Every structure is written in C-alpha cells, then in structure tokens.
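A.B. asks: The sequence and its predicted three-dimensional model are supplied below.
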Amino acid sequence: MTCEEFVELVTAFLDGALDPGTEARFVEHLALCEGCETYLDQFRTTIAELGALPAETLSPDVRDTVLGAFRDWRGA
C-alpha cells in the first residue's frame with residue numbers, strides 16, 4: 001500500500017468499513033511508515049478535538065467563507 005492509498009482509506013479505517021484484506025494491508029503499512037502513523041494520530045486528534053466543539057462556534061459568514069475557499073480546491 002502506498003502512502004496515498006493509506007490517506008484515502010483513513011476515514012474508512014476509523015469507521016471500521018474496510019474489508020479484512022484491505023484493513024490488513026492498511027495496518028501493515030501503518031506499522032512500517034512513521035509518516036502515516038503520524039498522519040493517523042493527527043487525524044484522530046482532530047476528530048477528538050472537533051467532536052468537542054459546539055456546532056455554533058463558527059458564524060454563518062465564516063463557515064461560508066471557509067467552505068467557499070475549499071469548494072474548488074484541487075490538491076497537488
């Protein structure tokens with residue numbers, strides 16, 4: 001598994017939605033790749049922190065601005 005494939009599968013892994021073979025490849029890659037281990041830890045931290053924030057912390061204007069900024073964004 002490549003790091004790119006790993007990143008694409010993180011949410012499915014955290015949701016328990018990977019088939020057994022893919023999950024095994026995911027965990028194997030995780031054991032070998034310090035960068036992806038860090039990425040997964042950061043993802044879990046983000047989920048834990050954002051899960052604790054009340055929904056109304058962003059004003060509608062700020063929310064629209066942020067969503068607009070990323071709507072057409074294409075990663076390199």
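C.D. replies: Noted; the coordinates are in hand.

A.B. asks: can you give me the helices in this protein?
C.D. replies: Listed in chain order, the helices of the chain (DSSP state H) span 3-14, 20-32, 34-51, 60-71.

A.B. asks: got CSV for those, with mean neighbour count and mean pLDDT too?
C.D. replies: Yep, even glycine has a C-beta here, placed from its N, CA and C like the rest. Shown next, in CSV, are those (neighbours: other C-beta atoms under 10 Å; pLDDT from 0 to 100):
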stretch, mean neighbour count, mean pLDDT
helix 3-14, 14, 94
helix 20-32, 13, 97
helix 34-51, 12, 91
helix 60-71, 9, 85
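
A.B. asks: got the contact list for the residue of the chain most remote from its centre?
C.D. replies: Distance from the C-alpha centroid of the chain, by C-alpha atoms, centre = their mean, peaks at residue 61 (24.9 Å). If you count contacts by C-beta atoms under 8 Å, 6 or more residues apart in numbering, residue 61 has none.

A.B. asks: State the distance from it to residue 71.
C.D. replies: Separation of residue 61 from residue 71 (C-beta to C-beta, to the nearest Å): 15 Å.

A.B. asks: again with residue 65
C.D. replies: On the measure of C-beta to C-beta, residue 65 and residue 71 end up 11 Å apart.

A.B. asks: list the residues that contact both of those two?
C.D. replies: Here residue 65 and residue 71 share no contacting residue, scored by C-beta under 8 Å, 6+ apart.
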